[in-house]
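Asker: pasting the structure only:
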């Protein structure tokens, strides 16, 4: 053909691009045969218009080099499609290529008998043979060498060569179409459910495929765990490797001690690390025995001893692993907290293993304080998307959402979860089973003997002002600050009144004791007032300390000492006198109720006598109630209970005596021998004994007072409802008054509503808010009264603050269908579904090893990062239909990517101004001494390096004290700081590895996305 004269003898993509030659030939020739080792979308884009005009086209592709025998073309092609920019242009190209391939005159085959390395572009009387693959680079960019054969016989010879390989190849057109349709550029073959599962699979994939050599011990373990405990152990190791701290927070009775024991064996025995165990005094001996059984020589320290002024924390600075049993006891910043913080933060990093079924008791800041024992600084979880930890918890106060953080540091499963997900679990060859819980309501009728007692008390109670606790309400000219204080005191009064009601419900005697204390205080208050004085805050503290209620005591400690002359003294005295009369009248109402005519005690005795031979635990919140019961057992009912051997366990009982009582009551659980005549049948206990103890020799638990904190109800039940219980059924008896309950609950609800309203107005301290009864508690009480045994499981489920439910869903799918389908789904694909009234897009990104979820709300134009909230939005079922979005995804993806990169770079920026102010001031003071003639410059540099790192709050407070003490004495300041650094073995930390790196778009890998439309 005359046009052949325009073609050179070879094409190298320099003077003439191969794509230009192909475009010319495709438009002028009746057919084309293309052989290429590789093909991509970019190559197609260069010649797509000309390809659309060719009457007949055959493409021969090859198995890729380096791919195992039997594997076909898709791996590299899929990767190429996955890495293609997610842009409208590329999506259109992919769809156009699919349309082209579906034409009958277009054929594609794959040569699989060996690696086919030839590249040829054969037309009617022209053949181009050389090095260029059918790719964008091969047709334009690479330096190639392709020979152009313009003789008809040469083209025919090349065609015969092509035919020979074509006949030995298999049809591949539909497979190529499938790869394109399943790529992120089209994603036509994916249901919402598959995309949802793919996201979960990739998120948890490392856990599924992790090399557990680090988790395996070199030698045989002496700790035999059930499957669910072993999974917790393995996950704990992974968390410890990343953060040096982990919470084992399984529900009570699931064997947290055993998981902790295996972690100590792993570190203490097999890795020979120095271990320290911190536990309640009553559990110390148990830990000594457990450590001896696994041959780990660790120190065991009681947390009570850590609160003493003579406790020497430095004795344990060399510990490498610290296990804290019942770690929720470190939820408040006090003396023992400071001691543990010093141990954790001295010297090189330690592994912290925190065991607790109740990481949050009253406020989310319970957990914050525990985390700060091992988290050095507020930015410790920045790489998890939490740039400032305290701010994260402040937001959680409002929405309760902590999942993003807990996913990083906590292993948490409930009893119901384990029963459902591990039905075949075994320990020591024995199947794991749980006893069935049966609730029993025990009614007593105080009003049958003392008619209208509750109503009469309630009337007086409603009129009680307790003005002595709020003198700010009687100021002549209150300032704005004093007005705020008045409202806060109102909340405190609500808390005190609620405590009185709780004690009234618990026992008449506990109520009487409180009333007498209040009467004594009010008498003294009025007496001082008549002499022109108000009681100081120290007097308030002394009074409340007598109540032995820590939460009230901590709340009133901050009450100010005030000048009585600024108050409306006469009015205050009148109101306080009226309060005193109400208190005296309530005491007169309950004075006649004695042990011998108390129907609640009579009911308890009756219940005990109905269960001869059974071991029973009787719990009460209040020590005064337990002592009242002790008096009844020892005196009034001694003869009735002469066959029952019983003991009292409360805060006044010495640790040694508690241990002996435990051994005698539950010898089987404690694996000890006790003579039959020395065994105990019944315990009267406060909640000091509801923590960590194994009492499964018993099958009966009696709650003598109501559950004002559902967490404690679960803790109590967990003492006897444990793995390995020999009983099919455990019995939980709950006492309720026959009449008057609704009267009492109504009073409490009104008090709580008032406190919540005050908090909205002025903001209350956590010490007050932590004791506010949750509205759900009142409903829970009514269900307990109705003997609804499901309530315990539901309360546990509400506390299930982890992603185990996500893992469980994925695990169920993998057990049924395997991982192959999910593994084959390429990155970047998508689907869509109806959004149940919410429009938006879920994006799953991967940055390095980190997986990041984001949800863009189309209507609100906001970006969510809460995994818990996102999960609830995208959760779907296998039958969920696909509904594609009718809005543009490109711009949203660009916006979300930009925001994510900004977040990542902010989180990754480590600057000195992220340190606490007090610490920054110390560093500034040291820099100011750089030219001091008497201070060694090199020593100053070393001090700056050692102190320029995140430190615990306890250590920062010490630094602040040193700075204040020696601010005007430079030499002494340096000396004291040097001693501080040496005492805590502080060394320079390497923060530079990631500090200066900036993330770019190339670092973002889109795993999947899922669109949500407003309608079906």
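Answerer: Sure, I can see it. Treat the numbers as computed from the prediction; the structure is a model and nothing was measured.
Asker: for residue 952, see how far away the closest residue to residue 953 other than its chain neighbours is.
Answerer: In space, and not counting its chain neighbours, residue 953 is closest to residue 372: 6.4 Å by C-beta to C-beta, 6 or more residues apart in numbering. Where C-beta positions appear, they are placed from N, C-alpha and C, glycine not excepted. Applying C-beta to C-beta, to the nearest Å, the value for residue 372 to residue 952 is 7 Å.
Asker: how about the strands in the stretch 151-300 of the chain?
Answerer: With DSSP state E, counting those that start in this stretch as the criterion, the stretch 151-300 of the chain has strands at 170-171, 245-248, 275-279, 299-302.
Asker: please apply the same query to the stretch 1-150 of the chain.
Answerer: Going by DSSP E, counting those that start in this stretch, the stretch 1-150 of the chain shows strands at 10-11, 31-36, 56-62, 106-111, 119-122, 127-130, 146-149.
Asker: for the third one, buried residues please.
Answerer: Buried residues in strand 56-62, counted by 16 or more other C-beta atoms under 10 Å: 57-62.
Asker: returning to that earlier point: make CSV out of the strands of the stretch 151-300 of the chain and add distance to residue 118, mean pLDDT and mean neighbour count.
Answerer: Output for these, formatted as CSV (distance: least, C-beta to C-beta, whole Å; pLDDT from 0 to 100; neighbours: other C-beta atoms under 10 Å):
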stretch, distance to residue 118, mean pLDDT, mean neighbour count
strand 170-171, 17, 92, 11
strand 245-248, 57, 96, 27
strand 275-279, 65, 96, 26
strand 299-302, 73, 95, 20
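Asker: looking at these, which is closest to residue 358?
Answerer: strand 245-248 (10.9 Å; C-beta to C-beta).
Asker: how far off centre is that closest one?
Answerer: The gap between where strand 245-248 is centred and where its chain is centred comes out at 10 Å by C-alpha atoms, centre = their mean, to the nearest Å.
Asker: then stretch 515-527?
Answerer: Per C-alpha atoms, centre = their mean, the centroid offset for stretch 515-527 relative to its chain is 46 Å.
Asker: any common contacting residues for residue 372 and residue 952?
Answerer: Residues touching both residue 372 and residue 952 by C-beta atoms under 8 Å, 6 or more residues apart in numbering: residue 341.
Asker: for residue 732, give me its contacts.
Answerer: With C-beta under 8 Å, 6+ apart, residue 732 has these contacts: 437-440, 701, 703, 717.
Asker: considering these, which member attains the minimum pLDDT?
Answerer: In this model, the minimum pLDDT among the contacts of residue 732 belongs to residue 717 (81).
Asker: neighbours of that one, how many?
Answerer: 25 (other C-beta atoms under 10 Å).
Asker: so which residue is smack in the middle of the chain?
Answerer: The centroid of the chain falls nearest to residue 406 when counting by C-alpha atoms, centre = their mean (1.5 Å).
Asker: tell me if I am right that that one is in a strand.
Answerer: No - per DSSP: H, G, I helix; E, B strand; the rest coil, residue 406 lies outside any strand segment and is helix.
Asker: quick check, pLDDT for it.
Answerer: 88.
Asker: tell me the spacing between it and residue 113.
Answerer: Residue 406 is 54 Å from residue 113, by C-beta to C-beta.
Asker: returning to what we had before: so which of the strands of the stretch 1-150 of the chain is the most packed in?
Answerer: Most buried of those, by mean neighbour count (mean count of other C-beta atoms under 10 Å): strand 119-122, with a mean of 24.
Asker: and that strand, which strands flank it?
Answerer: Strand 119-122 has its sheet partners listed here by DSSP bridges as strand 31-36 (antiparallel), strand 127-130 (antiparallel).
Asker: and of the ones you listed, who's closest to residue 338?
Answerer: strand 31-36 (71.1 Å).
Asker: where in the stretch 701-850 of the chain is pLDDT low?
Answerer: Residue ranges of the stretch 701-850 of the chain with pLDDT under 70: 710-711, 740-742, 744-745, 748, 751-777, 794-802.
Asker: in contact with residue 35, which residues?
Answerer: 59-60, 116, 118-120, 122, 162, 165 are the contacts of residue 35 under C-beta under 8 Å, 6+ apart.
Asker: ok, of the contacts of residue 732, which one's closest to residue 582?
Answerer: Using C-beta to C-beta, the contacts of residue 732 come closest to residue 582 at residue 703, 29.9 Å.
Asker: so what's the backbone phi/psi at the closest one?
Answerer: phi -90, psi 110 (degrees, to the nearest 10).
Asker: thought it was touching residue 616?
Answerer: No - taking contacts as C-beta atoms under 8 Å, residue 703 lies outside contact range of residue 616: 11.8 Å.
Asker: quick one: residue 818 and residue 227, what's the gap?
Answerer: Applying C-beta to C-beta to residue 818 and residue 227 gives a distance of 19 Å.
Asker: quick one: mean pLDDT for the helix or strand where residue 340 lies?
Answerer: Element membership for residue 340 (DSSP states H and E) is helix 335-345. The average of the pLDDT scores along helix 335-345 is 93.
Asker: which one of residue 818 and residue 227 has more residues nearby?
Answerer: More neighbours surround residue 227 than the other of residue 818 and residue 227, with 15 against 10 (other C-beta under 10 Å).
Asker: okay, now the unreliable bits of the stretch 151-300 of the chain?
Answerer: 208-219.
Asker: mind listing the helices in it by residue range?
Answerer: Using DSSP state H, counting those that start in this stretch, the helices of the stretch 151-300 of the chain run over residues 152-167, 173-182, 192-209, 227-243, 256-264, 281-293.
Asker: Serialize the ones you listed to JSON lines and add fields for distance to residue 107.
Answerer: Output for the helices of the stretch 151-300 of the chain, formatted as JSON lines (distance: least, C-beta to C-beta, whole Å):
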{"stretch": "helix 152-167", "distance to residue 107": "9"}
{"stretch": "helix 173-182", "distance to residue 107": "6"}
{"stretch": "helix 192-209", "distance to residue 107": "31"}
{"stretch": "helix 227-243", "distance to residue 107": "50"}
{"stretch": "helix 256-264", "distance to residue 107": "61"}
{"stretch": "helix 281-293", "distance to residue 107": "71"}
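Asker: can you give me the helices for the stretch 901-1016 of the chain?
Answerer: Using DSSP H, counting those that start in this stretch, helices in the stretch 901-1016 of the chain cover 917-927, 937-947, 953-966, 970-983, 992-995.
Asker: care to break this structure down by domain?
Answerer: Here the domain parsing of the chain from automatic domain parsing is 2-182, 217-376, 453-551+561-590, 595-739, 912-990.
Asker: nearest to residue 1007, out of these?
Answerer: Among these, if distance is taken as C-beta to C-beta, the winner is domain 2-182, at 9.9 Å.
Asker: farthest pair within the contacts of residue 35?
Answerer: 116 and 122 (14.8 Å).
Asker: point out where the stretch 851-1000 of the chain drops to low pLDDT.
Answerer: Ranges of the stretch 851-1000 of the chain meeting pLDDT under 70: 907-913, 989-997.
Asker: give the contact list for residue 356.
Answerer: 247-249, 256, 326-328, 370 are the contacts of residue 356 under C-beta under 8 Å, 6+ apart.
Asker: who wins on neighbours among those?
Answerer: Most crowded among these, counting by other C-beta under 10 Å, is residue 248 at 31 neighbours.
Asker: gap between that residue and residue 717?
Answerer: Residue 248 is 19 Å from residue 717, by C-beta to C-beta.
Asker: do residue 898 as well
Answerer: 51 Å.
Asker: what do you get for residue 512?
Answerer: 30 Å.
Asker: could you dump the strands of the stretch 151-300 of the chain to CSV with distance to residue 182?
Answerer: Output for those, formatted as CSV (distance: least, C-beta to C-beta, whole Å):
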stretch, distance to residue 182
strand 170-171, 18
strand 245-248, 39
strand 275-279, 51
strand 299-302, 58
